[in-house]
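need a structure here:
(chains A, B, C and D)
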Number of protein chains: 2
Amino acid sequence: MAVSERKKREYAQREDLIINTARKLLLDVGYLDLNMDRIAEVTEYSKGTIYQHFSCKEEILVAMFFESAEKSGKFLLRGSNMQGAPRERMVAMALGYDLFVGLNPDHFKARLLVQNESILRKASPTLQRKLEGSNQHNMSIVSGVLRDGVTEGHVQLKEGITPEEVAFGLWTGALGAYVLISSEVNLNALGVTDPKKAIWANMHALLDGFGWRPLSNELDYLETRARIFREVFPQESTQMGIA
Amino acid sequence: MAVSERKKREYAQREDLIINTARKLLLDVGYLDLNMDRIAEVTEYSKGTIYQHFSCKEEILVAMFFESAEKSGKFLLRGSNMQGAPRERMVAMALGYDLFVGLNPDHFKARLLVQNESILRKASPTLQRKLEGSNQHNMSIVSGVLRDGVTEGHVQLKEGITPEEVAFGLWTGALGAYVLISSEVNLNALGVTDPKKAIWANMHALLDGFGWRPLSNELDYLETRARIFREVFPQESTQMGIA
DNA sequence: GTTAAATATTGACTAAGCGTCATTTTATTG
DNA sequence: CAATAAAATGACGCTTAGTCAATATTTAAC
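As a prediction, this is how the structure comes out:
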């Protein structure tokens, strides 16, 4: 039936409107002042209609985070599909993720909230499961490239170490760094003037430590970096002002 | 005056009682169900008295986190004072921090909230400054050991890399990992069955990557680990059931 | 084109929690 | 044992999450 098709489209559109409004409000006024009346006001729908889409405030937050988690996966995927050695593809994923975070400053604001199990728990089981699936998928992209590195003989993991555990290390390093960057922590006072540079150095140290060839002194990764921006993320890197 | 001394002691005691009650409630019922009436009820003081100590709910949360941040610093310090090579002292700090997190499961719950700038901002400027000082101090303990490593010629950092940036890498790796462990993220589903083992492996890979001697294949760090538990954290490691 | 049924939207209302402050209780001092 | 100072209280005002009966709109039937 054509009518119900249009309805569905309109419904989905409104869902996006609500999520994006909440996103904007989260950035503008912060978590504590983010309220349902305001969302209703800005979207120009009534509160009742908002609740038709989302069972509670937390459901919106988690949906917001889910959406950007999915989006970040796309950046990882594009990075992983780059032409080059597995370690270069790894770098491409890292740079892609960095671009994503820069272009979506709300992502880590939402993440901090959703990481809080008290908030996550209030979302519907369906949404929680979707989010877990998204996490798993993103992780599998990273460990897939790692596995390629192993298969192609560029890296030999020690007895008992799995690609997933190395991916975990890259993941947690990035997560911790962006958590600090996205929060009010005064990194300058901690002696870290250029966190992005530090992330880059630490990532390469980690990969070097696992003996993943080509090591950072065997290849000009700054050249690789430039190529990645040029070939894989041309639009995004210019948008972020990275030539 | 003896009376006002006693008063001050009682006041400080009550402050601890409030913080510890909030801590317990945060673990028991979670952030969303943590409320002032409940804190008042459990402490057996009235709400007005609670507000005599803390200007708002967030002030309690931040004070709670500040207290455990200070406590974590003590563990880092004890680790850093260990007898041994700088890299061994580094390992001792990492293990000390891990023990701290295990013994204070509320720490990362509070951290996730306080990391949220909307929540932090509501706390008093004084407390915010105290917290920043605590962060700085903890960071300086870690980078101090790193500096020792450099001075004593065990590690040569590349041009433009500072000890603080390496400390940042260790810090963010740990932060991200404990954030995930402390949240509801299903690490098992992500292929990480033993996150603690992964943290250990990744830390050593990072230090190896920076070329910090003795490298992980030059020294039996599992032996070092056992010694650290035995000599530096005997009480805590038995409490945590690590022989 | 009109009307009945179905569907979508609304916002007044309830419940709950934060933070205040006039009142009461307790402690101190002369 | 007052008189005074300090501390503790909890009812109250205000904001906000979430509900639901009433209203408006759309669709379908004739």
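
and the residue most central in space within chain A, how far is that from A:F54?
Centroid-nearest residue in chain A, with Cα atoms, centre = their mean: A:S72, separated by 4.0 Å. Distance, A:S72 to A:F54, by Cβ to Cβ, to the nearest Å: 22 Å. Glycine gets a C-beta too; all of them are placed from N, C-alpha and C.

now the residue nearest to the centre of chain A: which helix or strand?
Remark: A:S72 resides in helix A:57-80, with elements defined by DSSP states H and E.

likewise A:H204?
helix A:195-209.

what angle do that helix and helix B:195-209 make?
Interaxial angle of helix A:195-209 relative to helix B:195-209 (axes from the mean of the first three to the mean of the last three Cα atoms, to 10 degrees): 90 degrees.

which outside residues touch helix A:195-209?
A:87, A:90-91, A:94, A:98, A:169-170, A:173-174, A:177, A:180-181, A:187, A:192, A:215-216, A:221, B:158, B:160-161, B:165-166, B:168-169, B:172-173, B:202, B:204-210 (Cβ atoms under 8 Å, 6 or more residues apart in numbering or on different chains).

try it again with 6 Å
A:94, A:177, A:181, A:187, A:192, A:215-216, B:161, B:165, B:168-169, B:205-206, B:208-210 (Cβ atoms under 6 Å, 6 or more residues apart in numbering or on different chains).

following that helix in sequence, what is the next regular element?
Next along from helix A:195-209, by DSSP H and E: helix A:221-231.

quick one: that next one to helix A:195-209, angle?
On the basis of the same axes, to 10 degrees, helix A:221-231 is oriented at 120 degrees to helix A:195-209.

near chain B at all, helix A:221-231?
No - Helix A:221-231 stays clear of chain B (Cβ under 6 Å from any Cβ of the partner chain), getting no nearer than 12.3 Å.

return the member of the contacts of helix A:195-209 nearest to DNA strand D.
A:I181 (27.3 Å; Cβ to the nearest atom of the strand).

element containing the closest one, please.
helix A:163-182.

number of nearby residues for the residue in chain A that DNA strand C sits nearest to?
Using Cβ to the nearest atom of the strand, A:G48 is the residue of chain A that sits closest to DNA strand C, at 2.2 Å. When neighbours are defined as other Cβ atoms under 10 Å in any protein chain shown, A:G48 has 8 of them.

go on, A:N217?
10.

repeat that for A:A85.
18.

for A:G79, same thing?
26.

show me what contacts it?
Per Cβ under 6 Å, 6+ apart, neighbours of A:G79: A:92-93, A:96.

which of those residues are buried, as a ChimeraX select command?
Selection of the buried residues among the contacts of A:G79 in ChimeraX, burial being defined by 16 or more other Cβ atoms under 10 Å in any protein chain shown:
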select /A:92,93,96
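
can you list the residues of chain A near DNA strand C?
Residues of chain A lying near DNA strand C by Cβ under 7 Å from any atom of the strand: A:7, A:45-49, A:51-52.

filter those residues by proximity to DNA strand D?
Checking these against DNA strand D by Cβ under 7 Å from any atom of the strand, the ones in range are A:7, A:47-48, A:51.

in a markdown table, list these along with pLDDT.
Converted to a markdown table, those look like this (pLDDT from 0 to 100):
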| residue | pLDDT |
| --- | --- |
| A:K7 | 77 |
| A:K47 | 97 |
| A:G48 | 97 |
| A:Y51 | 98 |
